[in-house]
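**Q** could you look at this predicted model? Sequence included:
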Amino acid sequence: MLGNQIGKRYAEAIYKVAEDRNHVKSIYEVLNSVMELYKQNIDFRNFITHPLIKETEKKEALNKIYADSKEGVEILFYILEKGRIAQIREIVAEYVKIDYLKNKILNVEATFAIGINEEQKEKLSRNLENKTGKKIKLVVKVDKSLIGGGIIKIGDEITDGSIRRQLEVLTQK
């Protein structure tokens with residue numbers, strides 16, 4: 001819980017700077033890249049969080065890795081100086097939430113018994129955009145255990161129209 005509060009506070013400050021400088025996307029890309037590197041590379045994680053390695057050495061390494069993004073490096077230096085690099089996941093998650101909220105974007109997960117084509121995805125996105133009044137970021141999954149139909153998850157709201165669910169309801173009566 002504390003990590004989320006820290007992540008939110010830092011994400012809000014970083015997003016404000018990114019927005020003021022018109023670099024929201026490029027700073028997100030750098031933050032996301034560092035998060036992935038932090039999650040997947042134990043050597044990087046140990047190096048960047050090691051208390052005996054000087055901050056200047058860490059900054060040099062980050063500057064070399066992200067030399068093509070001056071704004072992103074400045075943000076990383078800020079996070080490093082504040083000792084919050086270990087909270088990079090929370091910061092990135094909150095940054096994305098802020099961006100989606102500002103741009104009225106909804107994450108939607110649609111699970112079907114069989115795959116759907118691009119035309120069907122576009123039609124589903126359009127219908128959901130009309131229903132919600134927001135842009136839709138649609139992720140489609142296939143789960144053959146549904147038998148037929150599908151499940152739509154928008155935030156915390158789940159609409160289960162699968163045949164599997166209908167059979168469960170029938171057997172409970």
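**A** Nice, thanks for sending it over.
**Q** distance between stretch 150-169 and the chain's centre?
**A** Offset of stretch 150-169 from its chain centre (CA atoms, centre = their mean, to the nearest Å): 24 Å.
**Q** average pLDDT for it?
**A** Averaging pLDDT along stretch 150-169 yields 84.
**Q** next, count neighbours for the spatially closest residue to Val142 that is not a sequence neighbour.
**A** Nearest residue to Val142, sequence neighbours excluded (CB to CB, 6 or more residues apart in numbering): Gly115, at 5.2 Å. (C-beta placed from N, C-alpha, C; glycine too.) Gly115: 10 surrounding residues under other CB atoms under 10 Å.
**Q** now Glu109: how far from Val34?
**A** From Glu109 across to Val34, the span is 26 Å (CB to CB, to the nearest Å).
**Q** and these two? which has more neighbours close in?
**A** The residue with more neighbours, out of Glu109 and Val34, is Val34; 24 against 15, by other CB under 10 Å.
**Q** check what pLDDT the more buried one gets.
**A** The model's pLDDT for Val34 equals 95.
**Q** same deal with the one 4 residues further on?
**A** In the prediction, the pLDDT value recorded for Tyr38 is 95.
**Q** please apply the same query to Val30.
**A** Per the predicted model, pLDDT is 95 at Val30.
**Q** ok, it touching Leu76?
**A** Yes: contact status for Val30 versus Leu76: in contact at 6.7 Å, counting by CB atoms under 8 Å.
**Q** does Ile105 have beta-bridge partners, and which?
**A** Beta-bridge partners for Ile105, by DSSP bridges, are Lys135.
**Q** no no, Thr111
**A** Beta-bridge partners of Thr111, as defined by DSSP bridges: Lys141, Ile151.
**Q** for this structure, which segments count as strands?
**A** Using DSSP state E, the strands of the chain run over 105-112, 135-142, 150-154, 157-160.
**Q** determine the longest helix present in this structure.
**A** Counting by DSSP state H, the longest helix found in the chain is helix 2-20.
**Q** if we can go back for a sec, if I look at the residue nearest to Val142, how far off is Leu124?
**A** Gly115 is 13 Å from Leu124, by CB to CB.
**Q** now the strands of the chain as JSON lines including distance to Gln40?
**A** Shown next, in JSON lines, are the strands of the chain (distance: least, CB to CB, whole Å):
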{"stretch": "strand 105-112", "distance to Gln40": "23"}
{"stretch": "strand 135-142", "distance to Gln40": "21"}
{"stretch": "strand 150-154", "distance to Gln40": "27"}
{"stretch": "strand 157-160", "distance to Gln40": "31"}
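**Q** return the residues in contact with the closest residue to Asn63 other than its chain neighbours.
**A** Of all residues not flanking Asn63 in the chain, Val73 sits nearest, at 5.6 Å (CB to CB, 6+ apart). Applying CB atoms under 8 Å, 6 or more residues apart in numbering to Val73 gives the contacts 30, 62-63, 66-67.
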